[in-house]
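A.B. asks: Here you go, sequence then predicted model.
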Amino acid sequence: MAVTDRQVATLRAQLAGDLEEHKRLLTHFDEESDARPYVTLTNAAFFKAVDRKFNSDTTADDIIGFVADVRSRSENVRAALDPRVAERVLLALVKDADISDLDRREARRSERILLNALIADEHLDPAGLDEFMATARKLADELLG
């Protein structure tokens with residue numbers, strides 16, 4: 001099983017802020033064939049985006065500050081993003097912290113919001129977003145391997 005062009009296009013539309021195209025592409029998804037590769041692609045993209053923003057010198061205060069900044073961007077984000085969950089999701093990747101006690105749906109929602117913010121902060125042009133998506137796809141394909 002490998003990530004498809006449609007799955008990449010769907011996530012790319014989301015990250016580019018083209019929510020109408022994102023929604024349109026999602027309507028063509030088949031739960032059985034698209035779910036696992038798409039989730040793997042979004043996980044890979046989240047991992048890559050976190051890796052581009054943070055490093056081993058990142059402190060818990062850096063992560064708390066980032067989450068606070070993301071939450072300050074809109075009332076909708078503030079309402080949707082639980083800061084404790086978001087901080088722990090980031091710490092899980094940056095510091096290998098355990099998050100097995102978190103509600104998986106809540107953690108996934110945090111990852112999606114944080115991924116959008118991480119990519120928005122990079123101000124990628126279309127070529128840069130394509131390059132990022134290619135990197136995420138490669139990792140996802142390896143994980144699905």
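C.D. replies: The structure has been received and is ready for your questions. Numbering: from 1, shown residues only.

A.B. asks: give me every residue that touches residue 102.
C.D. replies: By Cβ atoms under 8 Å, 6 or more residues apart in numbering, the contact set of residue 102 is 85, 88, 89. (C-beta placed from N, C-alpha, C; glycine too.)

A.B. asks: ugh, typo on my part, it should be residue 41
C.D. replies: Going by Cβ under 8 Å, 6+ apart, residue 41 touches 3, 7, 8, 11, 136, 137, 140.

A.B. asks: How about the second one: what's its closest non-neighbour residue?
C.D. replies: Using Cβ to Cβ, 6 or more residues apart in numbering and skipping the chain neighbours, the partner closest in space to residue 7 is residue 38 (4.8 Å).

A.B. asks: Can you identify the element that follows the host helix or strand of the one you found toward the C-terminus?
C.D. replies: According to DSSP states H and E, residue 38 maps onto helix 31-53. Counting by DSSP H and E, the next helix or strand C-terminal to helix 31-53 is helix 60-71.
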